[in-house]
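A.B. asks: Task: produce atomic coordinates for the following.
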Amino acid sequence: KKKTPIWFLYGLAVIMLAVFVFQMLFPTNLGKVFDKYAQNTVEISVTLVSSDGENVSYHTDSDEKMTSFSQWAHKQTMRNRSLADGISAETSEKKEFNFAIKAADGSYSAIVIDERGFVHVGAELYKISGNVDSFIEEMVEQFESWK
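C.D. replies: A predicted model of the protein is given here:
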């Protein structure tokens, strides 16, 4: 039998550790992710979905309000997480903010932010840094200004 060389295993461990340290030292922000999916945006709809039936929708097609949201989002730091971190027993009972971002060409992009501070973007998962409750309150204030 051929055995994997020990230097290869050590090298792999060092690379994994370096990626982890890089992600911890250099967080991203919600604005970068939002801007990536909101290029040429013509409208944004956000639906708050919860298990208790408290479903509320927010919608804007105002460039000024979308720019204001983007500027706010750039101030919100978050860190990349493993997809497994987003799974819990309370998953079916949590509130989620589902973003539907419509581009000028008619295509849609989606971002989901849940009440635990996880940001689901495609196959990536991020966790909001800092106080999640104040983040959610500020985000809802942004949405309320859309009415």
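
A.B. asks: ends of stretch 29-48, how far apart?
C.D. replies: By Cα to Cα, to the nearest Å, the extent of stretch 29-48 from end to end equals 22 Å.

A.B. asks: in that stretch, what's buried?
C.D. replies: Buried positions in stretch 29-48, judged by neighbour count with 16 or more other Cβ atoms under 10 Å: 29, 30, 31, 33, 34, 37, 38, 41, 44, 45, 46, 48. Quick note: C-beta positions are derived from backbone N, CA and C, even for glycine.

A.B. asks: which one is the last one nearest to, not counting chain neighbours?
C.D. replies: Going back to what we said before, that points to residue 48. Spatial nearest neighbour of residue 48, excluding adjacent residues (Cβ to Cβ, 6 or more residues apart in numbering): residue 56 at 4.5 Å.

A.B. asks: with the buried residues of stretch 29-48 in mind, which one is nearest to residue 99?
C.D. replies: residue 46 (5.3 Å; Cβ to Cβ).

A.B. asks: who does the closest one bridge with?
C.D. replies: Beta-bridge pairing of residue 46 under DSSP bridges involves residue 58, residue 99.
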